[in-house]
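**Student:** Got a predicted model here, sequence first, then my questions.
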Amino acid sequence: MDAFAISGVLNRMPIFENLEPDLLYMLSKGSREIVAGKGERLFQKGDTAQGFYFVLDGKIKLAFISSRGTEKVVEIVHRHQSFGESVVLADSVWPYYSQALLDSRLLHVSSTAFHKVVSADRNAADLMLGNMAKRLCTMFADMEAFCLLTSRERVVGYLLREIEHKRQIGDSDLSVELPDTKANTASLLNLTPETFSRVIHALEREQAISVSRRMVTVLDLEKLQRGGGC
């Protein structure tokens, strides 16, 4: 992918869509395409962040591993989503590791190029802060879910959020492809795999959804929405 093609991709990102052409080109010169095979790790916890990532295709898992080997999934990052901006702004190390759940293509935006652009364009800095504020709101919503919502409410909320994300990128299909393992999805929702399966099977019996391997298809969106409050 050359600098011109990269500029086109960057210009579609909300934080850079109003960037001046010369600054966009500067940013593109400091960016590169990365291909990660399924199961490949992009970085480990504690590695110095050299830049942030934008997912062109595929799906990326961000997770912690405890000293006992227990994994906690922090986020599943989808196509047309980015991650790592706050780490780059803080000039920090990665607080989690990342792994491709599918064969993936990403755009890596270097810290050096990013800092140059943010220093030159206040609007880019403001948009980045707005993006991080939204992420913070999402984090608080997740904390509320872990502390207050039932297991059923968490699963229903997850399915509805995934469908909404697809709608935002122009995909109206009412289906959700779960991550590579049931354990990853359960960890994301702070549930055990057994509890996650039990809720999925209950929703399937109620004919709100149908399940085929890792694909969950919503049969009755209104029933699913009502089901989150049960």
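**Tutor:** Yes, it's here.
**Student:** Read off the pLDDT value for residue 225.
**Tutor:** With respect to pLDDT, residue 225 has a value of 86.
**Student:** quick one: contacts for it?
**Tutor:** 156, 160 (CB atoms under 8 Å, 6 or more residues apart in numbering). C-beta: built from backbone N, CA, C; applies to glycine.
**Student:** go on, residue 173?
**Tutor:** residue 166.
**Student:** swap in residue 94?
**Tutor:** By CB under 8 Å, 6+ apart, the residues touching residue 94 are 43-49, 84, 87.
**Student:** can we see that at 6 Å?
**Tutor:** Applying CB atoms under 6 Å, 6 or more residues apart in numbering to residue 94 gives the contacts 43, 45, 47, 49.
**Student:** ok, and for the worst-scoring helix or strand of the chain on mean pLDDT, which residues are buried?
**Tutor:** Least confident helix or strand of the chain, by mean pLDDT, DSSP states H and E, is helix 122-148 with a mean of 73. For helix 122-148, the neighbour count (16 or more other CB atoms under 10 Å) marks 124, 127-128, 131, 142, 145 as buried.
**Student:** helices and strands around it, which ones?
**Tutor:** In terms of contacts (3 or more CB pairs under 6 Å, 6 or more residues apart in numbering; DSSP states H and E), helix 122-148 is packed against helix 111-120.
**Student:** please redo it, this time with the cut-off set to 8 Å
**Tutor:** Judged by 3 or more CB pairs under 8 Å, 6 or more residues apart in numbering; DSSP states H and E, helix 122-148 is in contact with helix 85-89, helix 111-120, helix 151-168.
**Student:** now the helices for this protein?
**Tutor:** Taking DSSP state H as the test, the helices found in the chain are 3-11, 21-29, 85-89, 111-120, 122-148, 151-168, 182-188, 193-205, 221-227.
**Student:** Can you tell me how far the closest residue to residue 3 other than its chain neighbours is from residue 90?
**Tutor:** Spatial nearest neighbour of residue 3, excluding adjacent residues (CB to CB, 6 or more residues apart in numbering): residue 28 at 4.5 Å. To residue 90, residue 28 is 24 Å away according to CB to CB, to the nearest Å.
**Student:** More neighbours: which of the two?
**Tutor:** Between residue 28 and residue 90, counted using other CB atoms under 10 Å, residue 28 has the larger neighbour count: 24 against 10.
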